[in-house]
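Trainee: Pasting the sequence and the predicted model now:
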Amino acid sequence: MQKLLMQTSGLAVVLPALLFSTSLLAAQFEQTGVLAGTQAQALQQQTATEKAGSAIWIDVRTADEFNAGHLVGALHIPHEQIAAQIAKVTQDKNAEIYLYCRSGRRSGLALDALQAQGYTRVVNAGAYEKLKEQAAEQKQQP
């Protein structure tokens, strides 16, 4: 009983610290300009869901393209910055990561950069418009 109490109290200390560090990480990204406003919130949500095994979606287009429209919950990291910025999103080399852009070319370049860093579960999801259409079709199906 005493051992169980000690283990449970340890969780009570570690869990709030983990949640606090995630909030600090998102706030730091927002301040440095890596992530803006809703992206910092998306990172907090993704960090929580990543622990539950959900995929990470990253839009590798330009900031203007991202601001014009993007998939819900997607983070924005331009393809030329992906190698330098990915560790701020996840350091798990086995994380499930989906990349997309306008046509699939830039997401292909980003995929190559992540694979070169040892990320193993990276997918070039292709073109944003096509993904958006597929999502709309899925919503229409009963």
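Mentor: Now that the structure is in, tell me what you want to look at.
Trainee: which other helices and strands contact the helix or strand hosting residue 138?
Mentor: Using DSSP states H and E, residue 138 sits in helix 128-140. In terms of contacts (3 or more Cβ pairs under 8 Å, 6 or more residues apart in numbering; DSSP states H and E), helix 128-140 is packed against strand 97-101. The C-beta positions use only the backbone N, C-alpha and C, and glycine is treated the same way.
Trainee: Run me through the strand neighbours of the strand it packs on, direction for each.
Mentor: strand 56-59 (parallel), strand 122-127 (parallel) (DSSP bridges).
Trainee: Can you identify the element that follows it toward the C-terminus?
Mentor: By DSSP H and E, the next helix or strand past strand 97-101 is helix 105-116.
Trainee: Mind listing what's buried along that next one?
Mentor: 106-111, 113-114 (16 or more other Cβ atoms under 10 Å).
Trainee: which one among those residues gets closest to residue 71?
Mentor: If you rank these by distance to residue 71 using Cβ to Cβ, residue 107 comes first, at 12.2 Å.
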